[in-house]
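> test case, fold it:
(chains A, B, C and D)
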Number of protein chains: 2
Amino acid sequence: MTVHHLFVVDNPTALRSMPQVRPQPLRPLKTKCSDCALSALCLPIGLGGHEVAQLDTLVAQRFKVKKGAALFRTGDPLRSLYAVRIGSFKTGMVSVDGREQVTGFHIAGDMLGLDAISADAHACTAVALEDSEVCPIHYTHLENLARQLPSLQHNLTRLLSREIVQDHTLLMLIGKMNSDERLAAFLLSLSQRLSARGYSARHFVLKMRREEIGSYLGLRLETICRGIAHLRDQGLAHVEGRNVTIQDPEGLKHLVAGCHRPL
Amino acid sequence: MTVHHLFVVDNPTALRSMPQVRPQPLRPLKTKCSDCALSALCLPIGLGGHEVAQLDTLVAQRFKVKKGAALFRTGDPLRSLYAVRIGSFKTGMVSVDGREQVTGFHIAGDMLGLDAISADAHACTAVALEDSEVCPIHYTHLENLARQLPSLQHNLTRLLSREIVQDHTLLMLIGKMNSDERLAAFLLSLSQRLSARGYSARHFVLKMRREEIGSYLGLRLETICRGIAHLRDQGLAHVEGRNVTIQDPEGLKHLVAGCHRPL
DNA sequence: CGCACTGTTGATGTGCATCAAACAGCGTGG
DNA sequence: CCACGCTGTTTGATGCACATCAACAGTGCG
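Predicted coordinates for the structure are as follows:
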């Protein structure tokens, strides 16, 4: 059995189309929350050792999701939330007539599936942007454990609330900013999130295509390309293919603040 | 003391500007969750009589918020969540340079302040669109009670998750739909929410201005006016001032589904 | 009654979408 | 090895949906 068979293969292209193929848990991967480097960013934030040990019992077995495969799809019943351990995902919705809106990009330490709690079914589709690894957390078990561990319950609630805040920020971006400002805000945000995980804030690699960035920001892929060119011309950031170099973070922030348009 | 003094007066215009004036609780208004008509829509959904009685102890005293007054503002520390009992609110953010994005409209039975849990401070500003009444729910007490009442905890978590789903729907609207589609979706959504509260789905009154609808939908107020004219011309809905008549709900849905643009 | 706010409609401008073409990278197979 | 097709990216030309600007009408509150 080659490494390849450890992954679930699915349509690499889009959120829509293709029959559902549920990722299969494979040989259990042993890493637990208690010795995970992400515990400071993920569900266990601020939990005591004994508490994290109990959380460990919930995360049955991590599994891999191959690039392009769907972790879950709109309408799937809620079984687990998923913590991203390695890699990255996009989440998005598809309208009745096939228009696709990317609602988020998620990297290590992020929690996926929070929108499913509302109706016990996933409201969006999550697709891996690269070969990735997630920790499934059985939701009913998590609810039960959270009843006994107030700080776990508090963390979960905060994660939900934080997602609301992030969505509102994105709404402000799409609703009120021009294309260059949106792109600058996107790059800054990604830079900061990667930085919080110990990666370089100035140098990183985009795992998503221009089209996906465009969908996320409410723009077309060509507009993303032109925005990249503008940022380069202004010496703010250099994007070559998927490689990003932030040259002037303060300049980017200033662009996002957008004082040039008096209102 | 006139009835007027029972209200808190604040700047009636915008989310930004004007110093903060915190609404003051006044003479306690006695209605409790246990005899509130909204209990089927609000936090107590599906709770037993004994449980609702415990919830009653949290809602210290309802209070009124006058039209244009802020219930809370960005940056205010989180003390309570607020259930809208009577009236309606808009919530929104203001960017560094003063651009305002309305992130939601909230009517009776809706919960306000969920985005504050993330950082123990409100991330948006809530302003009453008309003379309104809210039930403040002290958050720390709610957290404590929820620990003892699993179904209360479950309801709270679902409310948070539902807000995420709604935000994603709005993102799809703003990111992918044209102005007429957005307006149609807005009217349909409002119609359905009012209908769920026992009001007419076909006939209702807009409590917000064109400018606020525009901000919510990522459009200018003139575009809202023109959209209204288009819906009238097509015989889908009749909007005269603030009075709305939905003439053809199915036609509106069809417009939102938007089969006319092949993708 | 008068003034400020809100809503409507028309004329014009512009930012981004759309259409189009060329190119780079990359795996495949002859 | 290179030719080939496929995917993703870049850049240019053109068009359109919505923003902007402007004038006016309706509304309501002090």
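> what strand or helix carries the residue nearest the centre of chain A?
Central residue check for chain A by CA atoms, centre = their mean: the C-alpha nearest the mean position is that of residue A:106, 1.0 Å away. According to DSSP states H and E, residue A:106 maps onto strand A:100-107.
> immediately after that strand, which helix or strand?
Beyond strand A:100-107 toward the C-terminal end (DSSP H and E), the next one is strand A:111-112.
> still on that earlier bit, so what strands line up beside the strand holding residue A:106?
strand A:88-94 (antiparallel) (DSSP bridges).
> re earlier: show me the contacts for the closest residue to the residue nearest to the centre of chain A other than its chain neighbours.
Using CB to CB, 6 or more residues apart in numbering or on different chains and skipping the chain neighbours, the partner closest in space to residue A:106 is residue A:89 (4.6 Å). C-beta here means a position set from N, CA and C on the backbone, and glycine is covered the same way. Residue A:89 makes contact with A:65, A:71, A:105-106, A:110, A:112, A:126-129, A:132, according to CB atoms under 8 Å, 6 or more residues apart in numbering or on different chains.
> residue A:166 versus the residue nearest to the centre of chain A, what's the distance?
Noted for residue A:106: a distance of 11 Å to residue A:166, by CB to CB, to the nearest Å.
> could you find the closest non-adjacent residue to residue A:201?
residue A:195 (3.7 Å).
> looking at this, the one you found is in a helix?
Yes - using DSSP: H, G, I helix; E, B strand; the rest coil, the assignment for residue A:195 is a helix.
> what does the stretch 151-263 of chain A put close to DNA strand C?
A:178-180, A:214, A:218-220, A:222-223, A:241 (CB under 7 Å from any atom of the strand).
> at 6 Å instead, please
A:178-179, A:219-220, A:222-223 (CB under 6 Å from any atom of the strand).
> okay, and for chain A, where does confidence drop off?
A:1-30, A:258-263 (pLDDT under 70).
> near chain B, which residues of the stretch 101-250 of chain A show up?
A:101, A:103, A:114-119, A:123-124, A:143, A:146-147, A:150, A:153-154, A:156-158, A:160-165, A:167-172, A:174-177, A:215, A:217-218 (CB under 8 Å from any CB of the partner chain).
> just how off-centre is the helix or strand containing residue A:71 within its chain?
Secondary structure from DSSP H and E places residue A:71 in strand A:70-72. Distance of strand A:70-72 from its chain centroid, counting by CA atoms, centre = their mean, to the nearest Å, is 13 Å.
> ok, now stretch A:152-160?
That offset, for stretch A:152-160, works out to 17 Å (CA atoms, centre = their mean).
> give me the contact list for it.
A:43-47, A:51, A:55, A:111, A:114, A:117, A:142, A:145-147, B:117-118, B:143, B:146-147, B:153, B:156-157, B:160-161, B:164.
> among these, which are in helices?
Counting by DSSP state H, the part of the contacts of stretch A:152-160 found in helices is A:51, A:55, A:142, A:145-147, B:143, B:146-147, B:153, B:156-157, B:160-161, B:164.
> wait, which of the residues you listed is closest to DNA strand C?
The nearest member of the ones in helices among the contacts of stretch A:152-160 to DNA strand C, counting by CB to the nearest atom of the strand, is residue B:164 at 24.4 Å.
> which residues are in contact with that closest one?
Per CB under 8 Å, 6+ apart, neighbours of residue B:164: A:114-115, A:118, A:123, A:160, A:163-164, A:167.
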